[in-house]
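Trainee: any chance you can model this:
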Amino acid sequence: MPTLTPQRAAVLAFIRERLEAFGQSPSLAEIAGAFGFASRNAAQKHVQALAEAGLIALAPGQRRGIRLAQQGRRPALLTLPVLGRVAAGAPIGADIGLDEQLRLDRALFSLKPDYLLRVQGDSMIDDGILDGDLVGVQRSGDARDGQIVIARVDGEITIKRLQRGRDGIRLLPRNPAHAPIVVQPDQDFAIEGVYCGLLRRD
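Mentor: Down below sits the predicted model:
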């Protein structure tokens, strides 16, 4: 591994922790805030240096496009089914018919996904998840507070950030034009999986 300054090593550790905890990398603004940098440009210099050292890889044009590099290994390919749509907006009825299967590099995702869902709507745009994106989902019935999850509410599925509080569970959009979904005690609610990363096709 290349020799890193203590600060650069700390930035790498922060990126790794965020990927493991939340399934996506921090933005440059979040890195700058975590380390007290005066601007995102300072964070960009550290990120670029880590990429040039071969420790991370950057996806062009993605706000949260940092992933850990797989050094010295051939890319591991995954065959993933595309299982219909997930709402980034108001929940939509489940559409889990098999659309297609894709072979993708494992390095695209922070966690190993079990399947892909096509995003419909714009409620997660501030997390870099856009209408038409394919999101990787790892099956899980539980998630940490703050993680992006695929949730089922009264038989309908949606992608949102999970917030657990004393007053219950809320599903938070990442677009101020959309209101949070407050899960009521009498509703049928389940976490279907956690977000692992995304694929954007032209």
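Trainee: using PDB, list the CA coordinates for stretch 179-195.
Mentor: Extracted in PDB, the C-alpha atoms of stretch 179-195 (Å, rounded to 0.1, in the frame of the first residue of the first chain):
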ATOM      1  CA  ALA A 179     -42.500  14.900   2.500                       C
ATOM      2  CA  PRO A 180     -41.300  12.100   4.800                       C
ATOM      3  CA  ILE A 181     -43.400   9.000   5.100                       C
ATOM      4  CA  VAL A 182     -44.400   8.400   8.700                       C
ATOM      5  CA  VAL A 183     -45.000   4.700   9.300                       C
ATOM      6  CA  GLN A 184     -48.100   4.300  11.500                       C
ATOM      7  CA  PRO A 185     -48.300   1.500  14.100                       C
ATOM      8  CA  ASP A 186     -51.100  -0.200  12.300                       C
ATOM      9  CA  GLN A 187     -49.400  -0.300   8.900                       C
ATOM     10  CA  ASP A 188     -47.800  -3.300   7.400                       C
ATOM     11  CA  PHE A 189     -44.200  -2.300   7.300                       C
ATOM     12  CA  ALA A 190     -41.000  -4.200   6.400                       C
ATOM     13  CA  ILE A 191     -37.500  -3.500   5.300                       C
ATOM     14  CA  GLU A 192     -36.800  -5.500   2.100                       C
ATOM     15  CA  GLY A 193     -33.200  -4.600   1.700                       C
ATOM     16  CA  VAL A 194     -30.400  -2.100   1.900                       C
ATOM     17  CA  TYR A 195     -29.000   0.100  -0.900                       C
END
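Trainee: what's next to it, contact-wise?
Mentor: 23-24, 91, 111, 114, 129, 135-143, 147-155, 157-160, 162-163, 168-173 (Cβ atoms under 8 Å, 6 or more residues apart in numbering). For every residue, glycine as well, the C-beta is placed using N, CA and C.
Trainee: which helix runs longest in this protein?
Mentor: If you go by DSSP state H, the chain has its longest helix at helix 6-22.
Trainee: tell me which helix or strand of this protein sits lowest on mean pLDDT?
Mentor: When the helices and strands of the chain are scored by mean pLDDT, DSSP states H and E, strand 92-93 comes last with a mean of 52.
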